[in-house]
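In: build me a structure from this.
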Amino acid sequence: MPGQSGNPAGRPRHVREKLTKDVIIDLANDWHANCKQAIADLRNQDVSAYVQVCVSLIPKEVHIAAGPLKDLSDEELSALVFAAKKAIAKANAS
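Out: Have a look, this model is predicted:
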């Protein structure tokens, strides 16, 4: 038919998006209801997969902000640790 594009008898608009949303909602509800048991089952049945899941949750890079000790030399840090240990020992002796 001239001037007509697509499939007029095809899937209605937004059906796929609604289906996707419904599936995600159902999965989330199932997860909330059964997640502890699912995790325990995975741990008990396939330890390597369990560990793989745990490791995959750890960020590949961790950015640590510079702290107040960033400008101290190794010798100064060692002296600080020594002084802290000495103060702890003195406090424990009291």
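In: count of residues packed around Asn29?
Out: If you count neighbours by other C-beta atoms under 10 Å, Asn29 ends up with 10. C-beta coordinates here come from the backbone N, C-alpha and C atoms, glycine included.
In: ignore the last one, Leu42
Out: Neighbourhood size, Leu42 [other C-beta under 10 Å]: 14.
In: that one is in what secondary structure piece?
Out: Per DSSP states H and E, Leu42 falls inside helix 15-45.
In: what is the rounded mean pLDDT of that helix?
Out: Taken as a whole, helix 15-45 has a mean pLDDT of 94.
In: by contact count, what packs against it?
Out: For helix 15-45, the packing partners by 3 or more C-beta pairs under 8 Å, 6 or more residues apart in numbering; DSSP states H and E come out as helix 47-56.
In: following the helix it packs on, which helix or strand comes up?
Out: Later in the chain than helix 47-56, the nearest helix or strand by DSSP H and E is helix 74-93.
In: what does that next one contact?
Out: Helix 74-93 is contacted from outside by Leu69, Leu72, using C-beta atoms under 8 Å, 6 or more residues apart in numbering.
In: stretch 24-40 now?
Out: So stretch 24-40 is contacted by Tyr50 (C-beta under 8 Å, 6+ apart).
In: same thing with stretch 46-57?
Out: By C-beta under 8 Å, 6+ apart, stretch 46-57 touches Ile39, Leu42, Arg43.
In: what pLDDT does the most centrally placed residue in the chain get?
Out: In the chain, the centroid-proximal residue (C-alpha atoms, centre = their mean) is Leu57; its distance is 4.2 Å. What the model reports for Leu57 is a pLDDT of 92.
In: also Pro68?
Out: pLDDT for Pro68: 85.
In: tell me the contacts of it?
Out: With C-beta under 8 Å, 6+ apart as the criterion, no residue contacts Pro68.
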